[in-house]
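> need a structure here:
(chains A and B)
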Amino acid sequence: MRKIYLFMLILLACSPLWAQITVIGIVTDDTGLRVPGATIVVKNNPALGTITDLDGNYSIRVVKNAVLRFSYIGYETQDITIGTKNQQLNVILQESSQQIDEVVVTAIGIKQEKKKLGYTTQQVNTEALEQPGTVNIGNALSGQVAGLTVTNPTGLFQSPSFSLRGKVPLMVVDGIPISTDLYDISPENIANINVLKGTAAAALYGSRGKDGAILITTKTASEDGLVVTAGLTSMMTAGFAVFPETQHEYGSGSNGKYEFWDGADGGISDGDMTWGPALDGSLIAQWNSPLRNKETGETIDWYGDVLGSQYDDRSKYERVPLPFVQHDNLSNFLRTGIITKATFSVANKTCKASYNLVGDFAYQRGQVPNTEVLTGGINFNGSWNLSYNLMLSAKLSYNKVYSPNYPRYGYGPKNHMYTILLWMSDDVDVNQLKNHLWRNDKVGYRQANYNYAWYNNPYFGVSELNEVHDRSTTDGLIRLNWDLYPGLSVQGRTSAHLINTFADMQSPKSYMNYGDSRNGDYKIWNTNDMDVNSDVLATWTQAFSEDFSFTANAGSSIYYHRDRNGYQQTDGLIVPSVYNMGNSLNPVRTTNYFGEHAIESLYGSVNVDLWNALFLTFTGRNDWSSTLSADNNSYFYPSVSASTLVSNYIEMPSWIDYLKVNSAWAQVSSDLSAYSLSATYKNSVLWGSLPSVSYGSNTMLNAEILPQKTTSFEVGTSMAFLKGRLSANLTYYHMLDQNQIISLPISQASGYSSRYVNGNEYSTNGFEAVLGIIPLRNKDFTWKMNINASTNTRKLTKIYKDQAKYGNLSVGDRSDAIYSTVWEKSSDGQLILDDNGMPTRKPFPVNVGHLSPDVRYGFQNEFKINALTVNVDIDGAIGGTLVSRTIQKYWWSGKHPKSTMYRAEEYAHGGTPVFVPEGVHVERGSIQYDTDGSILSDTREYKPNTTAVNIQTWAQNYPYRAVVTEEESKIFANAYDRSYMKLRRIAISYDLNNLLQLDHIEKLKITLFGNNLAVIKNIPYIDPDFGSSDNDLQDPSARYIGVSANLKF
Amino acid sequence: MKKNFLSKITMGLCCVSLWSCVNLEEMNVDPNNATSTDPQLLLTNVEYKTFSGASKSPAYATRQLVMTDGENTNQVYKWSHGSFDVYSDLRDVEKLIKNAKDQPVYSALAHFIRAYDYYNLTLMFGDIPCSEALKGETDGLYKPRYDSQESVLAYILKQLEEANASLIEHANETVNGDIVFDGDLMKWRKVVNAFRLKVLMTLSKHSTIEGQSVKSAFASIVSNQPLIQSNADNGQLVFIDQQDNRYPFFNDSGFGSGLYMDSTYISTLRIRKDNRLFAFCTQTPAAKEEGKSIDDFTAYDGGDPIKPYAMVNKKATNHGCSKPQPRYYQNSTNEPLIFIGYTEQQLILAEAVVRGWIAGNAKDYYDSAVKASFSFYHAYATEFSSYLTPEAAEMYLTGEYVHWDDSATKEEKIAKIVMQKYIPSFLQGGQWTMIYEYHRTGYPTYRLSNNMTVGARWMYPLDEYNNNSSNLKESLISQYAGNDIITDLIWCFK
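Numbers count the residues shown, from 1 in each chain, chains lettered A, B, ... in the order given. Here you go, the predicted model:
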């Protein structure tokens, strides 16, 4: 820290004292409407600037006689020379052809006019950010940006994930790259999000930005004087966009029979499955049946099994049968989810200093009982004009994410959906489970449940097993800007991003989880992550003539990451429900980890403007990474991009506003994670008191590994027609990933299953289109449409050392090809059945499709009817394949809505099978495979199948144990086309103050909104917007409706 | 040059501006893990990985368990690719040998474990990579060639011979971290030699291996080397009630649904009046309700392994099927897993007498094997100890299908010997031994439906097809005319 002060002092001492003036004013359009978000910059120093607030107000400090440039998309840019005094300057912007004078934030915080960009960026519609209606801002980005895919998991505290042109982009907040799940970033504190799509766009971020970047800029005070705002949002779940249907006709058991004794096959098929008797009210012994003494006839209320009690004697006791009836368990289990958010901000701006303080708090009550997440934070952004040319800015924010308990997902008995949706039958009443968590003779020791082999009582699971997540994120940033000379400035910046997380898991006795003790368990995780980024950046802007100007940037930075964590775990608990390491029955297990990673960098860029029509940008960056060997740890990324305004030098018809063509080329590299160069001896099993170690892992490390390389090229065009009524941005890109750091599969007999090498080549082709249409525009009514679409295909074009295969993939395969187990079929595609009428799995996996959709699209509408604004957002995908685990398990368990067929007939005929599957039997002959799985010879001859098969047996094999596509069978398919279209959002906003005209309130905006409203899709039962697979199962996709009020004083 | 120059500029810039200088190389030294180790730490892990695993799959294939809530591929002999995962465990065995340069006695144990793993591998597939295996890190051999099964078995015998010799030479050295015998090297010698006998008996269809006489090698071990003398010398892992140290099926959910005893296994024990049945499985629920006594053999039944599983389930839902004893999934230590024990060794010796490989009394070997097995369950299935006393064993050995008859044919004798290997193989170590015994001797006979053949081997792993295809192809051509079919016999059983 001492060095920072020293640096500041030096800078202060050097600063010449030039006078500055303040200009304030209002920007309006030619119809008199105020223009928010208009850009005001100093003409010869575009890095110095501001934007208008929501009401078109601005305020800026500039040197005397400066030229201010006012610009806004869709309007003519205006240059106005300022005098020598503080003044108010109101500007009326004229609608125009030149929509591209907008200034956007680009890599490492450099502001650029959009027309000069040779690569593609897309700013997120600020309306979408202002009315997020989500706790996590990530969800609000869905469908907004061409090429950016956002997944929307349906569960509480499940974070969205991002994929930009098929790769994972870097998250950058106020110029600082960070890792975040976005729960610790307050949506209310975000001023603007810009997506840098290509490699060229983010090349200045080096290896971390190699896959593009999402730049988040937080709010700063933007208008003079004190501004106070407050907002309140409240929303709740209102039904579901997707609710998983199950059959409601049959209950627990197998082959139509069921009787509960111990929930582990001690009764009649009481350990598993929903293939039991019809839910017709027949009397059957169940888990909640009272116990009856066979001799005395006395009955005792009892819930659960009787293991270890005096009643565990079937010669003496029996269960009193109860009516076998249906219950809507999932609906009864889930409750209304609620989200409330409150936010305030205080901003002040004077000629000396400005600050913005934003506080926010959000409470989210999950649909799953006993789950909630609280987030809150306080964010301070301030800047001080230490002198006319020296500005100090600082940022400090503290955000808390706290959950006393949140739902557990994943495929296993901790997940409520695993139990309720897949395996628990409708005869079990979830409300009874709720009221009887413990067996009454073993409170604290044994749960009351309908099953003791595989599942937990779901209410016991959510109320007795708790997982705490307690995270504090602290961000600090200090920045010093020094305008050495008009056109020359230097900036120094240091930031720290600290994340401290405490997490635990409290498992009660008898809680069932694979691998963990069933004798009570307590686990603690303490993690501590720190990112430090420091950089220095010098900028020189010079206009030599009207026709030639340039900007040069040069900088250097260091990134340091530290990861420290510890883990402790009991092995059984002595006293029930006392969650403390001291209460461990057996020795406590602990592990800890320390990791460091640093990257040092030098970078520079030059922007050249020629004839105000041709714009060239060159960038270069060199990184030195700590995770590669000293000989290989330096790598260079060049990028070149060009943009030209064709309409500035070629005469265009009057209906063409402008035409821009741009192109970019870049090359990026990247490194490894820490400690990945040489193998070590890691702790392994502790046997009694004997410790042990194990060498390395199944991937052989490679100390000589080189950085990987991606070369990308893109070409695009932007154009506008009919005075901005129609605009289009089209981009084609190609990426070549070479020398990739891959984990190459090798013969396991070598001692390793894979090894790190530099190899393989992937080629990606993509296309993105953004269309803006204004079908209607007048003073009272405006309709704006924004349509975006993108497509992206990544193929494996070369394998390491020309090997024939890379895992299952061959050259020419899409990198997201799905290779799966399928059933044996005859050469003409008929299913081959064995003597029992059952299919056989093919021993070699087959390509059944690809994961990613072919096209992603978004469609945003904004209607402005006087002061009323209506937003309607739609997005979706076309193509791609989803192999659904939910559907496979539905069949196995007997909960699939179609699994009721043939059951009644079969059970009525004493279990004689009636269903004759379509297929053939091999009469004679055989098939031989080559070592690459291809057929060597096939001499098989067939006859059609006539064998009837037990429907339960068929359901548990054919649609469960291998992939069945829609073409193979409409009924039994478990792999579907992923296409869907979602009505993402409708929002209606109105400024009530237009009616109320309250004195002390400047604005009172009310918004009614709905999120995740409806979906049209191909795959049944699940929401394809959830993510790439449903292997971890998904919560029903809830619809949210809400209202928010935003006040400004 | 350029690199140096740029580095200097960076360093210069770093120091001039805000940043402290960072040594990038030093930063990447892993502080969490060691780069060298003592062999004892590796030994514990290697023994744990090799001897602690168990699987229910062989119990389905050998007609001991049936599955009623799905089709079990082992039960219907529809398995496909096997796994080479054991090679990953052998990585630590290689490191153990490397780290034991100054303590060669650890190498002796490592050689035994390597031989044990290779034996299991080669019996699963046939040829396997051996002479070029495990050289990925040291020699850059990522596509090892396959060695013929004959040479793999010869290599295994050599390894075991060396292990025995080394244990003699270093008999006074100390071994730590040994979770099997706590450093008792004499016991290790006995186990090594017993295992040599097992490997040689696997070759009973061949008189020689790489020109060496199988019979005389066997006889020489029996007369010159110490062998297992009782259950106390068993090569076995005794489990502890502590995380990761528990019996592998403890808390296994599978036992709670759809898993029942096989009727053919039950009847095998029932007609022999074999009290070990009570230690293996429960009475059927119907018999329990009727109040039948534990030693009433009619109280036990199971599912027919060749019927469609829905039919078997029907019998189970009618309370007609026994389940494995709860001790298998409710007792955290249950019983040790034996990888080579006294019972098996004595039966191998009995067979050797029958085959004329060694002189001796087959009956003594046979009887001692059965008595030892009874005594094992007497010790660990404590609830049923009273049925498994030495007297009960004596009584059993006089039974109609059990008693040793010196006048019986060689075939009959071998069938009897193998049966006594089969009965105590239930959920025990040794894994697929009883499938191999079936293909070697034809015993025990497994109930099969029409068109059903007992799987003899596994297809090579899919990864070998993808990553080592030319060597695999060459080996398949030399062994199985280019096919990879689970019903083809491996070399040693041909």
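
> Show me the beta-bridge partners of residue A:177.
When assigned by DSSP bridges, residue A:177 has beta-bridge partners residue A:172.

> how many other residues sit next to it?
22 (other CB atoms under 10 Å in any protein chain shown). Backbone N, C-alpha and C define where each C-beta goes, glycine included.

> quick one, what contacts it?
A:170, A:171, A:205, A:208, A:209, A:213, A:531, A:533, A:559 (CB atoms under 8 Å, 6 or more residues apart in numbering or on different chains).

> Of those residues, grab the buried ones for PyMOL.
In PyMOL, this line selects whichever of the contacts of residue A:177 come out buried by 16 or more other CB atoms under 10 Å in any protein chain shown:
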select buried, chain A and resi 170+171+205+208+209+213+531+533+559
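
> Just want the residue of chain B that's nearest chain A.
When scored by CB to the nearest CB, chain B has residue B:256 as its residue closest to chain A, at 2.4 Å.

> quick one, what contacts the spatially closest residue to that residue that is not a sequence neighbour?
Closest residue in space to residue B:256, ignoring its immediate chain neighbours: residue A:453 at 2.4 Å, by CB to CB, 6 or more residues apart in numbering or on different chains. By CB under 8 Å, 6+ apart, residue A:453 lies in contact with A:263, A:264, A:265, A:271, A:272, B:253, B:255, B:256, B:257.

> From those residues, pick the one nearest residue A:255.
residue A:272 (12.3 Å; CB to CB).

> Please give the element, helix or strand, for that closest one.
Assignment of secondary structure by DSSP states H and E places residue A:272 within no helix or strand.

> contacting residues for it?
Residue A:272 neighbours (CB under 8 Å, 6+ apart): A:254, A:265, A:423, A:451, A:453, A:454, B:69, B:256, B:257, B:258.

> Just put those residues in TSV and tack on distance to residue A:541, pLDDT and secondary structure.
Below are the contacts of residue A:272 laid out as TSV (distance: CB to CB, whole Å; pLDDT from 0 to 100; DSSP: H, G, I helix; E, B strand; the rest coil):
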residue	distance to residue A:541	pLDDT	secondary structure
A:254	78	90	strand
A:265	79	85	coil
A:423	66	95	helix
A:451	71	94	coil
A:453	72	89	coil
A:454	68	90	coil
B:69	74	85	coil
B:256	74	85	helix
B:257	74	85	coil
B:258	75	87	coil
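
> quick one: secondary structure of residue 384?
Chain wasn't specified; assuming chain A. strand (DSSP: H, G, I helix; E, B strand; the rest coil).

> Who's the closest spatial neighbour of it, skipping the chain neighbours?
Nearest one to residue A:384, counting by CB to CB, 6+ apart, is residue A:353 at 4.5 Å.

> dump the residue contacts of that neighbour.
Residue A:353 touches A:382, A:383, A:384, A:385, counting by CB under 8 Å, 6+ apart.

> want to try TSV for the residues you listed, with neighbour count and pLDDT as columns?
Below are the contacts of residue A:353 laid out as TSV (neighbours: other CB atoms under 10 Å in any protein chain shown; pLDDT from 0 to 100):
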residue	neighbour count	pLDDT
A:382	18	91
A:383	20	90
A:384	14	90
A:385	17	87
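
> before we move on, could you check phi and psi at whichever residue of chain A sits closest to chain B?
Closest residue of chain A to chain B, CB to the nearest CB: residue A:453 (2.4 Å). Main-chain dihedrals, residue A:453, degrees, to the nearest 10: phi -100, psi -40.

> what about the helices in the stretch 1-150 of chain B?
Using DSSP state H, counting those that start in this stretch, the helices found in the stretch 1-150 of chain B span residues B:2-16, B:24-27, B:39-51, B:57-61, B:86-99, B:104-125, B:136-139, B:149-169.

> Those helices: which one's closest to residue A:927?
Nearest to residue A:927, of the helices of the stretch 1-150 of chain B and by CB to CB, is helix B:104-125 at 20.6 Å.
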